[in-house]
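S.K.: sharing a model prediction with you, sequence too.
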Amino acid sequence: MKITTTGSLGNIAKPVVEQLLAAGHDLTVVTSQADRQAAIEALGATAAVGSLSDAAFLTAAFTGAEAVFVMMPPSMGTAHLIQNIAAAGQACAQAVKAAGVPRVVLLSSVGADAAGGTGPIQGVHWVEQSLHQLSGVDVTALRSGFFYTNFLRDIPLIKSRGVFG
């Protein structure tokens, strides 16, 4: 199966990429970081370097894919975080439609069913809405809780202040 994934080679996406490749799938991995291209290709996938907010780039990366795994990076810029996530979701939805992708799996979040009051998760709500509005596309939203790897970002705080925030 030809699959395109977003999330590059982060803590969540890399195991997904490795499992899909091990299962024999033809994989394109979207990354915003050109320095990850070699690592992606070393795994046996094709790297597509560009922005999740660029519908034209995503359309090219999604073209020919039978399925797309979509996830938003944990930080889409500190200013206008919710709007940036929602805009990237709209770009993904436009690209899915333009490329004729029949299947999308979205890594969403617990709380994404709510339109407000959830902080940055509200952005993922809008990503879900953008994808679910597509006609003829089978969309699955995986509403995950918290990942243990997220604790890694707190190590500097723990070491410097002796607290776990």
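M.R.: Now that the structure is in, tell me what you want to look at.
S.K.: does anything pack onto the helix or strand harbouring W126? Which helices or strands?
M.R.: Using DSSP states H and E, the element containing W126 is helix 121-132. Judged by 3 or more C-beta pairs under 8 Å, 6 or more residues apart in numbering; DSSP states H and E, the packing partners of helix 121-132 are helix 81-99, strand 103-107, strand 138-142. (Each C-beta comes from the backbone N, C-alpha and C, glycine too.)
S.K.: show the end-to-end separation of stretch 106-118, please.
M.R.: End-to-end span of stretch 106-118 (C-alpha to C-alpha, to the nearest Å): 18 Å.
S.K.: now the residue nearest the centre of the chain: closest residue in space that isn't a chain neighbour?
M.R.: Centre of the chain computed as the mean C-alpha position; nearest residue by C-alpha atoms, centre = their mean is M71, 1.7 Å away. The shortest distance from M71 to any non-neighbouring residue, by C-beta to C-beta, 6 or more residues apart in numbering, is to L107 (3.8 Å).
S.K.: one more: L52?
M.R.: The nearest residue in space to L52 (C-beta to C-beta, 6+ apart) is A88, at 4.3 Å.
S.K.: who's in contact with that neighbour?
M.R.: L52, S53, M72, M76, V127 (C-beta atoms under 8 Å, 6 or more residues apart in numbering).
S.K.: please apply the same query to I158.
M.R.: F164.
S.K.: before we move on, the earlier item: now the helices and strands packed on helix 121-132 in JSON lines, with mean pLDDT and distance to A13?
M.R.: Shown next, in JSON lines, are these (pLDDT from 0 to 100; distance: least, C-beta to C-beta, whole Å):
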{"stretch": "helix 81-99", "mean pLDDT": "94", "distance to A13": "14"}
{"stretch": "strand 103-107", "mean pLDDT": "97", "distance to A13": "9"}
{"stretch": "strand 138-142", "mean pLDDT": "97", "distance to A13": "13"}
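S.K.: let me know which of those is the nearest to I12.
M.R.: For these, proximity to I12 was assessed by C-beta to C-beta; strand 103-107 is nearest, at 6.7 Å.
S.K.: what helices or strands is the closest one leaning on?
M.R.: strand 67-70, helix 121-132, strand 138-142.
S.K.: what does the second one rub up against?
M.R.: The one in question is helix 121-132. Around helix 121-132, the neighbours that count as contacts under C-beta under 8 Å, 6+ apart are 70, 72, 76, 81-86, 88-90, 92-93, 96, 104, 106, 108-116, 118, 137, 139, 141.
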